[in-house]
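Novice: fold the following, please.
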Amino acid sequence: MPQRIILLSGEVEAPHLREILKKYNPALAVEPVFDSEGLHTAFRAGVENTRLIAFLTSVIVPEAYLDQLPGPAYNFHPGPPEYPGSYVAGFAIYEGAKTFGVTLHEMAAKVDTGPIVEVRRFPVEETWKFQDLEVEAFRQVVQLFTDYAEHMATDDTPLKSGVEPWTGRPRTRAEAEKLKEIEADMSEEEIVRRYRAFG
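Specialist: Numbering: from 1, shown residues only. Purely as a prediction, here's the structure:
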């Protein structure tokens with residue numbers, strides 16, 4: 001049974017995620033960290049009987065840290081395997097995706113490439129902007145976390161993975177920023193498309 005979980009997440013989500021985990025294991029030490037500095041501090045304390053869980057974070061975990069852990073680290077990603085990387089809801093809207101989803105996967109040295117445990121997909125409504133898709137993805141990924149919380153908090157056994165491969169090209173912040181730009185010769189259709197996707 002894990003004795004400690006390093007929870008790499010946002011400051012707003014962390015208390016709620018911690019409460020979900022401790023419901024299943026009150027003795028569990030859940031240590032929220034929010035940035036690279038906090039992650040470094042957590043690892044300097046040692047990682048015996050420790051599990052790392054990342055939840056909707058942009059912090060990249062160094063390979064050396066993943067190698068120190070006694071078992072797989074897990075990431076809750078707010079996109080399906082077709083959309084690894086950053087700003088994925090915006091890219092999905094921009095590309096006219098009919099479905100989207102959220103993914104639980106093992107963490108690997110290269111971001112969003114680790115073996116996949118589960119993908120949950122849902123339809124994308126034609127009228128949605130990126131904010132609408134992000135809200136639904138957040139709702140879905142919280143439920144995914146909740147459904148796996150008992151195992152994460154009480155069981156050292158690695159989750160079964162490899163259910164499907166990553167298929168998409170990783171999206172980047174730089175690409176998203178470029179698509180936010182409006183140029184003089186753009187069509188009205190392209191301007192509207194970019195606004196829906198990236199604001």
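Novice: going by C-alpha atoms from here, please, whenever you check contacts or count neighbours.
Specialist: OK.
Novice: would you mind measuring from residue 57 to residue 180?
Specialist: 22 Å (CA to CA, to the nearest Å).
Novice: ditto for residue 116
Specialist: Residue 116 is 31 Å from residue 180, by CA to CA.
Novice: which one of these two has more residues nearby?
Specialist: residue 116 (23 against 14; other CA atoms under 10 Å).
Novice: what bridges to the residue positioned nearest the centre of the chain?
Specialist: Most central in the chain under CA atoms, centre = their mean is residue 77, positioned 2.3 Å from the mean C-alpha point. Note on residue 77: beta-bridge partners by DSSP bridges are residue 103.
Novice: my read: it touches residue 103, true?
Specialist: Yes. Assessed by CA atoms under 8 Å, residue 77 is found in contact with residue 103 at 5.1 Å.
Novice: now the helices for this protein?
Specialist: Under the criterion DSSP state H, the chain contains helices at 14-24, 36-44, 63-68, 88-94, 130-154, 173-179, 188-198.
Novice: so which elements touch the first one?
Specialist: Meaning helix 14-24. strand 29-33, helix 130-154 (3 or more CA pairs under 8 Å, 6 or more residues apart in numbering; DSSP states H and E).
Novice: now the ones you listed in TSV, with mean pLDDT?
Specialist: Converted to TSV, the helices and strands packed on helix 14-24 look like this (pLDDT from 0 to 100):
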stretch	mean pLDDT
strand 29-33	98
helix 130-154	98
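Novice: next, the contact list for residue 3, please.
Specialist: Residues near residue 3 by CA atoms under 8 Å, 6 or more residues apart in numbering: 27-29, 49-50.
Novice: phi, psi for it please.
Specialist: Per-residue torsions, residue 3: phi -100, psi -20 (degrees, to the nearest 10).
Novice: chain neighbours aside, what residue packs nearest to residue 47?
Specialist: Residue nearest to residue 47 in three dimensions, not counting chain neighbours: residue 69, with 6.1 Å by CA to CA, 6 or more residues apart in numbering.
Novice: surely that neighbour and residue 48 touch.
Specialist: Yes. The criterion here is CA under 8 Å, and residue 69 meets it with residue 48 at 7.4 Å.
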